[in-house]
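K.L.:
My questions are about this predicted structure, shown below with the sequence.
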Amino acid sequence: MLKLAVLSCLAVGASAFAPASSRTPLSVKTATSLEVKSQMSDTGRSLFDDTVFEDAMGEWNAEYPKFAKFGWGPSTKAEIWNGRHAMFGWVIICASAYAHGNNLIPNANLPLDLKEWGTLATISGKNTITNERAVILIANVHALFVSFLAACAPTSFSDQLLLKDGEKDQEPFGLVPPLVWGLTPEAEVMNGRMAMMGLITLVATSAITQKPMIDVVNEWLGGLYY
């Protein structure tokens, strides 16, 4: 469970330096499911007429307008933000597997000294985590705070999660965005969705097989890392 928590924290901080996107805005104050459906049909951006997400956005905006106007809840920006975190998480998971396979972390399997680290390093009872897990955990905590600060106090050159007063949210992408080659918002959203689904599959496989997630990734890649 600790490794699950550690690797979950790894999937943060990716959007701290991401450039802002120029998408067609959609008002979060007045958006309803009917308005979203109309915009989607007019632009023809979705390959499938599925409005589950758009309906959820409309219902949230209608029930919690004070939260919705600042971007809290289901929104296009939140989906993009989560997708970036998931992609960043996959990079760190693969990097962790590579470091594990090539012994890049000194004394990786050496348990931490309980007298030096105290209960912070314990798993249960007097058993402590290994040096490898501690190094990854510290890296995760750092990335978590970077992500938190990126959301609460974004820099002038970074993308923002929350909406400014009067700002409009971006247009939803639909169930399957159109295939647009290159570094495009559609490609970013599709890659982010696949990364999120991949993390769900990885966590489920790790829980079912009772194997560490980096071992599962290594098996999926045919023993590429170790």
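P.N.:
Received the coordinates, thanks. Predicted model only: the values in this text are computed from it and were never measured.
K.L.:
per-residue confidence for the most centrally placed residue in the chain?
P.N.:
Nearest residue to the geometric centre of the chain (C-alpha atoms, centre = their mean): His85, 2.9 Å. Looking at His85, its pLDDT is 92.
K.L.:
That one and Val146: what is the separation?
P.N.:
His85 is 11 Å from Val146, where distance means C-beta to C-beta, to the nearest Å. (Each C-beta comes from the backbone N, C-alpha and C, glycine too.)
K.L.:
Could you do Gly71 as well?
P.N.:
19 Å.
K.L.:
Also Cys152?
P.N.:
11 Å.
K.L.:
Quick check on the two: which one has the bigger neighbour count.
P.N.:
Val146 (16 against 9; other C-beta atoms under 10 Å).
K.L.:
Quote the end-to-end distance of stretch 157-176.
P.N.:
Stretch 157-176 has its terminal residues 29 Å apart, counting by C-alpha to C-alpha, to the nearest Å.
K.L.:
And it, what's buried?
P.N.:
The neighbour-count check on stretch 157-176 (16 or more other C-beta atoms under 10 Å) flags Asp159, Gln160, Leu161, Leu163, Lys168, Asp169, Gln170, Glu171, Pro172, Phe173, Gly174, Leu175 as buried.
K.L.:
Centre of the chain to that stretch, how far?
P.N.:
In terms of C-alpha atoms, centre = their mean, to the nearest Å, the centre of stretch 157-176 is set 16 Å apart from its chain centre.
K.L.:
so what pLDDT did Phe17 get?
P.N.:
The model's pLDDT for Phe17 equals 35.
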